[in-house]
Structures are given as structure tokens and as C-alpha cells.
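Engineer: From the sequence below, what's the structure:
(2 chains)
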Amino acid sequence: AQRVTQPEKLLSVFKGAPVELKCNYSYSGSPELFWYVQYSRQRLQLLLRHISRESIKGFTADLNKGETSFHLKKPFAQEEDSAMYYCALRSSNTGKLIFGQGTTLQVKP
Amino acid sequence: NAGVTQTPKFQVLKTGQSMTLQCAQDMNHEYMSWYRQDPGMGLRLIHYSVGAGITDQGEVPNGYNVSRSTTEDFPLRLLSAAPSQTSVYFCASSYSALAVAHEQFFGPGTRLTVL
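Structural biologist: Numbering: from 1, shown residues only, chains lettered A, B, ... in the order given. Below is the predicted model of the structure:
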């Protein structure tokens, strides 16, 4: 079964602290994984995708197939990073995108 | 381009009423989908479509119907609204269902309350 789990509903850190938002997945094939972000009063938008191995706004995420994880990391959190973050898994067979429960990141000044 | 548009932005229904949430995109995207967003549940896929005339069920399809008569439009119909369908509904589209790692673009959402 295709499943994405984000164990933390809320992650609260101080500005300048490191951030790690956890994501674990279950998928029988070769996974395509994404992180989406929803800032307050804005649309959900793509943050990064594992296939690009990119760093966006200081965030990175590495796919660990052994641990079936795709954790999102940033070494120094900024207040503008406060948002809801969703991890998502795309089925290569059907194309459908399944999301995790989401983690609210709160960066305090 | 307007991107993905949704109407209405807000809607209040009584139990048993029916309505259609509209979704349109002007990017010639093949793939379109509907999600509902609930606190603690994240985004759950209701229905999706890989092209005109083709639809399939997602995780939570019960109580909802969809059709895809054109590439641009993907309406979501609530047949007989129930309080459990109170939620925020998002429509999304992407270039192709099978192209690797294509981004999904989301609409602004429709906030639905069923009394």
C-alpha cells in the first residue's frame, strides 16, 4: 500500500536553530517523493523533489531507501519558514500523489 | 495564465443538499485531482483524472462524483451533503500523470460547511 507518515503535527523551534521535519513512506516500487509547503493564506506549492537533489530556501531532503524516509532539513530556521509542510509520494504506475498528515513548523523569534 | 481556479471560495450547505465545486485550469494539463484538507488528517485524495474521459477513485471517494468531459474542467459533485464533508477542498493539476516528478499546481481552495 502507498502511505506517507509525518509523525509530528507541530514542530516549534527558535530562529537560528536547526530544523528536521520527518517523513516516512511505504511503497512497493521506486518512489518519487516531494515536499510541499503552505504558507499562511497562500496556496500549497512545491518546495522540492527528491529527483532534483536541490536546495530550496536553504531546505534539503535526502531519500533514504533503507529507512524509507525523506526528512526535510534546514540548518538555521528563519521566521518566514513558519508554515505547514507536507510530504508526498507519487505512484509511478498511476501518477496519483498521496500526502502525509502535514507538520506545522513554528519558528519563534 | 490564471493557473488553477476554483469556485466558490466559500459555501454553506444543509444536510442532504447537493452541489458542485468547480475547478478549471488553463495550462493544458492532463492530470487533475481533488483533495480534502482536514485538521490532523492532512490532504486526502478524493478522485483524480489522467485525461479527458478518464477518472479514478482516490483514498476517500464515497459521497463524491467527478467527471472530466474536457481537459480544462474537473468538477466535484457532492450528491447529498453530510456534516462529515465539512472541509477545505483543493483542486490540483499537473502536466502529465506519468511524467517523472512533475509539479502539481494547486487552486486556492473551497471552504465548505455542511450544517
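Engineer: Return the residues in contact with residue 27.
Structural biologist: All of this refers to chain A. Listed by CB atoms under 8 Å, 6 or more residues apart in numbering or on different chains, the contact set of A:Tyr27 reads A:2-3, A:68, A:89, A:91. In short, each C-beta sits where N, CA and C put it, glycine included.
Engineer: wait, I meant chain B there
Structural biologist: B:1, B:3-4, B:93, B:95, B:105.
Engineer: and if we set it to 10 Å?
Structural biologist: B:1-4, B:71-72, B:93-95, B:105 (CB atoms under 10 Å, 6 or more residues apart in numbering or on different chains).
Engineer: just A:Cys23 next, same as before
Structural biologist: Per CB under 10 Å, 6+ apart, neighbours of A:Cys23: A:4-8, A:33-35, A:61, A:63, A:68-72, A:85-89, A:100, A:103.
Engineer: Give me the buried subset of those.
Structural biologist: A:4, A:6, A:8, A:33-35, A:61, A:63, A:69-72, A:85-89, A:100, A:103 (16 or more other CB atoms under 10 Å in any protein chain shown).
Engineer: Spell out the residue ranges of the helices in chain A.
Structural biologist: For chain A, applying DSSP state H gives no helices.
Engineer: So what's the predicted local confidence for the residue of it found nearest chain B?
Structural biologist: Across chain A, no residue is closer to chain B than A:Gly95, which sits at 3.0 Å (CB to the nearest CB). Looking at A:Gly95, its pLDDT reads 79.
Engineer: isn't it right up against B:Ser94?
Structural biologist: Yes: A:Gly95 lies in contact with B:Ser94 (CB atoms under 10 Å); the separation is 7.9 Å.
Engineer: which neighbours do those two share?
Structural biologist: B:30-31, B:33, B:102, B:104.
Engineer: what helices or strands is the helix-or-strand element of chain A with minimal mean pLDDT leaning on?
Structural biologist: Taking mean pLDDT, DSSP states H and E as the measure, the helix or strand of chain A with the lowest value is strand A:97-99, at a mean of 90. Applying 3 or more CB pairs under 10 Å, 6 or more residues apart in numbering or on different chains; DSSP states H and E, one finds that strand A:97-99 contacts strand A:3-5, strand A:32-38, strand A:83-90, strand B:31-38, strand B:42-51.
Engineer: what about 6 Å?
Structural biologist: strand A:83-90 (3 or more CB pairs under 6 Å, 6 or more residues apart in numbering or on different chains; DSSP states H and E).
Engineer: and the strand it packs on, what does it pack onto?
Structural biologist: strand A:32-38, strand A:97-99, strand A:103-108.
Engineer: In contact with the residue in chain B that chain A sits nearest to, which residues?
Structural biologist: Minimum separation of chain B from chain A (CB to the nearest CB) falls at B:Ala97, amounting to 3.0 Å. Applying CB atoms under 6 Å, 6 or more residues apart in numbering or on different chains to B:Ala97 gives the contacts A:95, B:31, B:50.
Engineer: Neighbour-wise, which one of those residues leads?
Structural biologist: B:Tyr31 (24 neighbours; other CB atoms under 10 Å in any protein chain shown).
Engineer: one step back: looking at the helices and strands packed on strand A:83-90, which is buried most?
Structural biologist: Of all those, strand A:97-99 carries the top mean neighbour count, a mean of 24, counting by mean count of other CB atoms under 10 Å in any protein chain shown.
Engineer: Can you list the strands that that strand pairs with?
Structural biologist: Strand pairing for strand A:97-99, using DSSP bridges, gives strand A:83-90 (antiparallel).
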